[in-house]
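Q: What follows is a predicted protein model with its sequence.
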Amino acid sequence: MQKIALVGCGMMGKVHFNAYSLLGKSGFELKYISDVIEERAEKLSETSAGVRVADFEDILYDEEITMLDICTPTYEHKDMVIAAAERGKNVFCEKPIALKIEDSYEMVKICKMNGVKLGIGHVTRYFPEYVKNLEIVKSGEIGKPVMARMYRGGVFPLRRPESDNWFNDVEKSGGVIVDLSIHDIDFSRQLFGEVKSIDARSAKLSYKNCPENFDHSMVLLRFKDGAIVHIEGAWSQPTAIPTGFKTSFEIYGTKGMVDYDSEKSTTFKLYTSVDSPEYSSMNVTGVNPYALEIESFIDALNNNKEIMPNGTEGLEALKIALAANLSAREQRTVYMKELSFND
Ligand SMILES: NC(=O)c1ccc[n+]([C@@H]2O[C@H](COP(=O)([O-])OP(=O)(O)OC[C@H]3O[C@@H](n4cnc5c(N)ncnc54)[C@H](O)[C@@H]3O)[C@@H](O)[C@H]2O)c1
């Protein structure tokens with residue numbers, strides 16, 4: 001039975017709060033919610049009986065709390081995860097794990113030293129279309145996967161008040177690759193394994209919302225097994241665009257392909273047997289993926305199962321995202337083996 005505190009009641013904090021309400025109360029209790037802007041936590045707590053507002057420090061010293069759910073801005077993840085681990089709390093932390101490799105290694109190490117589990121919110125692993133795609137690829141239905149194209153984007157994630165525009169600061173959010181495309185980087189690793197080299201470029205399309213940072217990126221990953229993956233990430237769509245956030249992917253194998261586009265009326269298509277084509281299309285539906293990832297973390301704690309994705313998986317995705325930032329900055333190919341991180 002987990003007693004949980006949710007820290008950070010902004011955009012993702014609300015999504016997680018809603019996810020707990022969808023899960024009912026089996027195997028856990030959401031005891032506290034917390035935000036430095038207390039009114040945000042107060043307002044959210046009014047929507048659910050029994051959930052109390054508390055300070056981060058008080059939460060750390062409450063012996064009953066066994067799990068923290070960290071939904072604070074990325075630049076806060078390291079200190080909060082370490083503080084929680086040192087007080088013996090398991091931690092589910094939103095992605096990206098942190099902003100630096102060294103910090104991520106430290107987080108993983110300190111969680112291990114304190115015998116607590118660390119999960120990272122790479123939620124595409126729980127989106128039904130991504131799960132279905134992985135099942136198809138692993139079954140061999142499209143042959144050997146050899147290349148893929150992925151897209152994820154929408155408007156700039158502006159936060160109010162304007163002084164809270166932390167996504168604009170690359171030192172605080174890591175930029176569009178580290179913050180957004182990291183989902184597709186993690187997804188690519190599930191499909192193709194380990195990355196050999198990276199070429200990336202970044203551009204700025206919106207000067208109003210994002211004056212200091214890049215808001216549009218393309219990343220080309222070359223994998224050790226020869227596969228290539230092209231990942232596009234956008235924070236640059238016009239604010240008034242009617243469609244909002246979009247995700248898509250195309251996975252090409254030696255015997256077929258999978259095509260998914262969140263904006264098409266039939267979102268998911270499978271093409272197999274290239275010479276005598278077979279075709280199926282469907283709308284893959286499922287449970288709220290945020291509820292599923294949290295449920296899976298709680299289940300792993302209650303039943304001593306492996307955490308997936310864990311801190312190390314978060315760290316591996318971050319390495320690639322940071323290598324892509326380096327490639328974009330220096331306008332050159334970056335090889336994973338040239339990066340030495342202090343572990
Ligand atoms: N998995 C996903 O799909 C997804 C989507 C968006 C954001 N994220 C990630 O979630 C994290 C949070 O992003 P967001 O969009 O919710 O940001 P946000 O700015 O909307 O919310 C962050 C909240 O944390 C609070 N906060 C800041 N410092 C705090 C502290 N020390 N103690 C308590 N509260 C504190 C802020 O007041 C704010 O309410 C980021 O790491 C982001 O990359 C994940």
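A: Sure, I can see it. Residues are numbered from 1 along each chain as shown.

Q: Lys3 looks like it's in a strand, true?
A: Yes - Lys3 sits within a strand when classified using DSSP: H, G, I helix; E, B strand; the rest coil.

Q: Which residue ranges of the stretch 201-343 of the chain form strands?
A: Taking DSSP state E, counting those that start in this stretch as the criterion, the stretch 201-343 of the chain contains strands spanning 216-223, 228-234, 246-253, 256-261, 268-272, 278-282, 334-335.

Q: could you give the angle of the first one to strand 228-234?
A: Between strand 216-223 and strand 228-234, the angle formed by their directions is 160 degrees, by axes from the mean of the first three to the mean of the last three Cα atoms, to 10 degrees.

Q: Output the contacting helices and strands for strand 216-223.
A: Other elements packing on strand 216-223 under the criterion 3 or more Cβ pairs under 8 Å, 6 or more residues apart in numbering; DSSP states H and E are helix 175-176, helix 182-192, strand 195-203, strand 228-234, helix 311-330. The C-beta positions use only the backbone N, C-alpha and C, and glycine is treated the same way.

Q: partners of it, with directions?
A: strand 195-203 (antiparallel), strand 228-234 (antiparallel) (DSSP bridges).

Q: swap in the fifth one?
A: Note on strand 268-272: by DSSP bridges, its sheet partners are strand 256-261 (antiparallel), strand 278-282 (antiparallel).

Q: Worst mean pLDDT among these?
A: Note on the strands paired with strand 268-272: lowest mean pLDDT is at strand 278-282, with a mean of 76.

Q: wouldn't Ala300 be in contact with Val116 here?
A: No - counting by Cβ atoms under 8 Å, Ala300 sits too far from Val116 to count as a contact (11.9 Å).

Q: Who has more neighbours out of those two?
A: Counted by other Cβ atoms under 10 Å, Ala300 and Val116 do not tie: Val116 has more neighbours, with 21 against 18.

Q: For the ligand, see how far away that one is.
A: Distance, Val116 to the ligand, by Cβ to the nearest ligand atom, to the nearest Å: 19 Å.

Q: circling back to that earlier point, what touches both of Ala300 and Val116?
A: Among the neighbours of Ala300, none is also in contact with Val116 (Cβ atoms under 8 Å, 6 or more residues apart in numbering).

Q: List the residues that contact Thr267.
A: By Cβ under 8 Å, 6+ apart, the residues touching Thr267 are Glu129, Tyr260, Asp261, Asn283, Val284.

Q: quick one on the thing from earlier: the strands of the stretch 201-343 of the chain: which one's closest to Glu316?
A: Closest approach to Glu316 among the strands of the stretch 201-343 of the chain is made by strand 216-223 (12.5 Å; Cβ to Cβ).

Q: still on that earlier bit, out of the strands of the stretch 201-343 of the chain, which gets nearest to the ligand?
A: strand 246-253 (10.4 Å; Cβ to the nearest ligand atom).

Q: residues in contact with that closest one?
A: With Cβ under 8 Å, 6+ apart as the criterion, strand 246-253 contacts 130, 133, 137, 142-154, 184, 187, 191, 257-263.

Q: How many neighbouring residues does the closest residue to the ligand within the stretch 201-343 of the chain have?
A: Distances between the stretch 201-343 of the chain and the ligand by Cβ to the nearest ligand atom are smallest at Tyr290, namely 7.5 Å. Counted with other Cβ under 10 Å, the neighbours of Tyr290 add up to 21.

Q: Need the pLDDT of the nearest residue to Leu134 once chain neighbours are set aside.
A: The spatially closest residue to Leu134, leaving aside those adjacent along the chain, is Gln190, at 6.0 Å (Cβ to Cβ, 6 or more residues apart in numbering). Predicted confidence (pLDDT) for Gln190: 97.

Q: repeat for Pro277
A: pLDDT for Pro277: 64.

Q: Which residues of the stretch 1-150 of the chain lie near the ligand?
A: Where the stretch 1-150 of the chain comes near the ligand, counting by Cβ under 6 Å from any ligand atom, the residues are 7-13, 34-37, 40, 56, 71-74, 76, 94-95, 121, 123.

Q: and these, which of them are in helices?
A: Met11, Met12, Gly13, Arg40, Phe56 (DSSP state H).

Q: residues touching Phe245, list them.
A: Contacts of Phe245 by Cβ under 8 Å, 6+ apart are Gly153, Gly154, Val155, Ser262.

Q: run the last query once more with 10 Å
A: Arg152, Gly153, Gly154, Val155, Pro157, Ala234, Gln237, Ser262, Glu263 (Cβ atoms under 10 Å, 6 or more residues apart in numbering).

Q: near the ligand, from these?
A: Pro157.

Q: Most widely separated two among the contacts of Phe245?
A: Spatial extent of these (Cβ to Cβ) is set by the pair Pro157 and Glu263 at 19.2 Å.

Q: So if I had to pick from those two, which one is more boxed in?
A: Pro157 (19 against 11).

Q: any idea how far Leu23 is from the more buried one?
A: Using Cβ to Cβ, to the nearest Å, Pro157 is found at 26 Å from Leu23.

Q: quick one on the thing from earlier: mean neighbour count added to the strands of the stretch 201-343 of the chain, as TSV?
A: TSV is the format used below for these (neighbours: other Cβ atoms under 10 Å):
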stretch	mean neighbour count
strand 216-223	22
strand 228-234	22
strand 246-253	20
strand 256-261	20
strand 268-272	19
strand 278-282	11
strand 334-335	18
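
Q: Which of those comes out lowest on mean pLDDT?
A: What stands lowest among the strands of the stretch 201-343 of the chain, in mean pLDDT terms, is strand 278-282, with a mean of 76.
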